[in-house]
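Dropping a prediction and its sequence here:
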Amino acid sequence: MLKIDYNNMTIQTLGKKNGIDVDKSVKIDKSLIENAFQSVHSTRGQGMQEWMDLPYVNADLIEQIKSFTAPIKDSASDFVVFGIGGSALGIQSVATGLIHQRHNSLSAKDRKCPRLFVEDNIDPNRFLSLLDCVDIDNAYFNVITKSGETSETLAQFLCIYDLLIKRLGRHKAVQRIIITTTIGKGSLYKVAMQEGFKVFGIGQGVGGRFSVLSVVGLVTFGVLGFDINQLLLGARQMTERCFLPDIYQNPALMMAYLQVCSIKSGKNISVFMPYADGLKFIADFYSQLWGESLGKKFDMQGNEIYAGQTPMRALGVTDQHSQIQLFVEGPFDKVVTFLTVKDFGVSKEIPKIEGLQMGDFLSGHTLNDLLDAERIATEWALTKNGRANFNVILPKIDEYSIGELLAYLMMQTCFVGSLLNINTYDQPGVEHGKIATFARLGRQGYDRQLREMEQIKKMDKYTI
Ligand code: PA5
C-alpha cells in the first residue's frame, strides 16, 4: 500500500521556525478542512469531478478496450500517441513506469508489444525524425484531444493522415488511426464520423489532466499489455482512502492541507522528485496537475487572488548534482515531495575488483542501496537545514501502485483547490493561448483577437 511519511513537514522535526504544528493547526483549521472536504465529497463524481468515478468503470468497457487493443499489441510495430497536456502526460508517465526502461531499443521479440512514441510537441525536427523511425506500414496512431480543436494535435493528425493515405490508400489509412475525443463535439469528431475512424469517447466531466484513467490512457495501456484491472483497483482503493473524513486517515486531504499551510507561509515552489527513472514523467504529470489546476487569478466568488504554487521537476539522484544546492541553501520557498520505491524488483551488486584501491565502501552494496542512501542523505540535508519535505513511498512499481499514486495525486490537487477556494478544473490561461493561436493562423471568427494582438507593437529599440 502507498504510504506517506510527512514527519519532515512538522515542528517536531523541522523546528518551530520552519515546521508545522500539525495537530494544533488541524484543530485551528477544523472548519476550513471540513468544508473543503465536504465540498469535494458532496459533489463526488458530478460535473467536472466525473474523473473520480473512472476507477469504477464497468467491466464491459475494459473488455472492449482489451479486445480492440489485443490485435494491435500482437501485430503492430509502433504505436504513436498524438496529444498534448492532459492528452499525453498521463500516458507518458504510466507507460514509462511500467515498460522496460529501454523498451523502444529492444528487438521486436523481446518487446512483446509495439514501440511507443508519445508525441506532445510539434517541433518539425521532432515530427520528421519520428517518420524516420516509425515503420509507417505497420504503425497505429492514437490521436487524442478532448476538445477536438487543439491546433497542435489537429496538425499532427493532418500530417499523418495525409502520409498514410499516400502510402496505403484512404481505406487502409482509416484503419490505422484511432480517435479519442469527446463524442459529438469538436472538428475531429466530425471528421472521424465522416471518414469512419475508430472513436473512443471521453466523458464530458473528465478534464484533460484528470483523464489518464479514462480511455485517454487505457487504450494505450491495453496496447502495451498492462494489467488495466490492477491499475484501476489501485486507483479505486486509494480513492476510498481519500474519501475518509478523518484527515489523519486521508493521505490526499492531509498532504493537501499541509501544502496549503506551506503556501501560506511563503513556500511558493513545489518540487517533485522521484527516485526512480521509470517514474520521472510522473513529475511532469504532477507539474501539469499542480500548475494548471491551482494557478488561478480568481477565487470562486470572483475575487482576484492570484493563487498557485509553482511546480518544479527534479530527478533523484541526477538532480542532487544540479539543484539540491539550491534546495538546501537557497530561499525558504520550497516544499520537496520525494517519490520513493521500496522494491525495484531487480538489483545490481557493485562488484569488488581485485587490485583496485577504490570504492571499498561501495563494493558489496547494490545500486539500490546507493540510490536509497542518497535519497535518505538528501532528505536529511534538507531537514537539517529546515527545509520542508515529505516522502511518497511506493512498495514497488506495478499497475496497482501506479493506480494508487495517480489517484492520490489527483485527489490531493482537488483538495488543495477546494482549500484555496478556486476552480480546480478550468484553465482560462491555456484557452487564451489556444484562441490567440487560431487568430494568428487566420482561423475564421478570430479577427477581433488578431486585431488585439496586432496592437502590441514591438520596438526595435528593445531588441538587441
Ligand atoms: O488539462 C487540460 O485540460 C489541458 O492540459 C488539455 O489536456 C490540453 O490543453 C489538451 O487539450 P485537448 O485534449 O482538448 O487537445
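Noted; the coordinates are in hand.

Chain neighbours aside, what residue packs nearest to residue 209?
With sequence-adjacent residues excluded and distances taken as Cβ to Cβ, 6 or more residues apart in numbering, residue 209 is closest to residue 86, at 3.9 Å. C-betas here are computed from N, CA, C, even on glycine.

pLDDT wise, what is that neighbour at?
Residue 86 is assigned a pLDDT of 96 by the prediction.

Just give me the neighbour total for residue 305.
When neighbours are counted by other Cβ atoms under 10 Å, residue 305 registers 15.

which SS state does it fall under?
Here residue 305 is strand, with the state taken from DSSP: H, G, I helix; E, B strand; the rest coil.

how much space between residue 389 and residue 344?
The spacing between residue 389 and residue 344, counted by Cβ to Cβ, to the nearest Å, is 22 Å.

between the two, who's got more neighbours?
Taking neighbours as other Cβ under 10 Å, residue 389 and residue 344 compare with residue 389 leading, 25 against 16.

Secondary structure element holding the closest residue in space to residue 207 that isn't next to it in sequence?
Closest residue to residue 207 apart from its sequence neighbours, by Cβ to Cβ, 6+ apart: residue 425 at 5.2 Å. Following DSSP states H and E, there is no helix or strand that holds residue 425.

next one: residue 390
strand 389-396.

Kindly calculate the angle that the following helix or strand past that strand makes with strand 389-396.
The element immediately downstream of strand 389-396 (helix or strand, assigned by DSSP H and E) is helix 399-419. Counting by axes from the mean of the first three to the mean of the last three Cα atoms, to 10 degrees, helix 399-419 lies at 150 degrees to strand 389-396.

The residue nearest to residue 207 touches residue 292, doesn't it?
No: counting by Cβ atoms under 8 Å, residue 425 stays clear of residue 292, with 9.4 Å between them.

List the buried residues of the helix or strand containing residue 162.
Per DSSP H and E: residue 162 is located in helix 151-168. For helix 151-168, burial by neighbour count (16 or more other Cβ atoms under 10 Å) applies to 151-154, 156-157, 159-161, 164.

circling back: okay, residue 425 and residue 292: which has more neighbours?
Set side by side, residue 425 and residue 292 show more neighbours around residue 292, with 23 against 19, by other Cβ under 10 Å.

residue contacts, residue 61?
Taking Cβ atoms under 8 Å, 6 or more residues apart in numbering, we find residue 61 in contact with residue 215.

Dihedrals phi and psi, it?
phi -60, psi -40 (degrees, to the nearest 10).

try residue 62
Per degrees, to the nearest 10, the backbone of residue 62 is at phi -60, psi -40.

Please parse the protein into its domains.
3-44+243-420, 48-228 (automatic domain parsing).

To residue 438, which of those domains lies closest?
Residue 438 lies closest to domain 48-228 among these, at 7.0 Å (Cβ to Cβ).

Now do the closest one: distance to the chain's middle.
Relative to its chain's centre, domain 48-228 lies at 16 Å (Cα atoms, centre = their mean, to the nearest Å).

Output the contacting helices and strands for the longest strand belonging to the chain.
Identified as the longest strand of the chain according to DSSP state E is strand 334-343. Judged by 3 or more Cβ pairs under 8 Å, 6 or more residues apart in numbering; DSSP states H and E, strand 334-343 is in contact with strand 269-274, helix 280-294, helix 367-384, strand 389-396.

Near the ligand, which residues of the stretch 301-450 of the chain are found?
Applying Cβ under 6 Å from any ligand atom, we find that the stretch 301-450 of the chain lies next to the ligand at 427, 430.
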